[in-house]
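Q: Sequence and predicted structure, then a few things I'm wondering about:
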Amino acid sequence: MEFSGGKAEYTSGTVHALDARTHPVQREFYDFYRTARGEFTPAGSSPALTTHPTLTSNVKFMNFYPFADIETIAPRPMLFIAGDQAHSKEFSEDAFRLAGQPKELYWVKGAGHVDLYDRTDLIPFDKLTSFFKQHLGAP
């Protein structure tokens, strides 16, 4: 066991190579995490381990529910921004549905899940500016 000094076991993550059978979601993540666009390997680690959580860290993920108490954020304004092509768009829709007012859901046309990480031509800076000016009273 890892907690008693045993070897860490790693679980699924971004694929390391593409082939004809690679799922489109994995292709999208590969394009970010396995290329110069977003690849990062911490000192002391290996590219073979990046994006792969340890078996023991998955317990934290399984016990984390990001929508728990989301309605208690209100009345502070919430802006949800997601790509309209994101495989995860239902999570944005669910979060928006559960959130209290004021809230807004903004879809970025043509953007996938990771596009808004770094593709500054797709990031809706004007929407961010107008939302914060409206809700934070900025000049």
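A: Cool, got the structure.

Q: By mean pLDDT, flag the weakest helix or strand of this structure.
A: Every helix and strand in the chain was compared by mean pLDDT, DSSP states H and E; the lowest is helix 58-62, with a mean of 84.

Q: could I have that helix exported to CSV, CA atoms only?
A: As requested, the backbone C-alpha atoms of helix 58-62 are provided in CSV (Å, rounded to 0.1, in the frame of the first residue of the first chain):
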residue,chain,number,x,y,z
ASN,A,58,-8.9,9.0,-6.6
VAL,A,59,-10.5,8.7,-3.2
LYS,A,60,-10.5,12.5,-3.0
PHE,A,61,-12.1,12.8,-6.4
MET,A,62,-14.8,10.2,-5.5
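
Q: Please enumerate the helices of this protein.
A: According to DSSP state H, the chain carries its helices in the segments 24-33, 58-62, 89-98, 115-118, 125-136.

Q: mean pLDDT lowest for which of the ones you listed?
A: Taking the mean pLDDT of each of the helices of the chain, the lowest value is held by helix 58-62, a mean of 84.

Q: can you list contacts of that one?
A: Under the contact criterion C-beta atoms under 8 Å, 6 or more residues apart in numbering, helix 58-62 has outside partners 11, 53. C-beta coordinates here come from the backbone N, C-alpha and C atoms, glycine included.

Q: One more pass at 10 Å, please.
A: Contacts made with helix 58-62 from outside it, assessed by C-beta atoms under 10 Å, 6 or more residues apart in numbering, are listed as 9, 11-12, 53.
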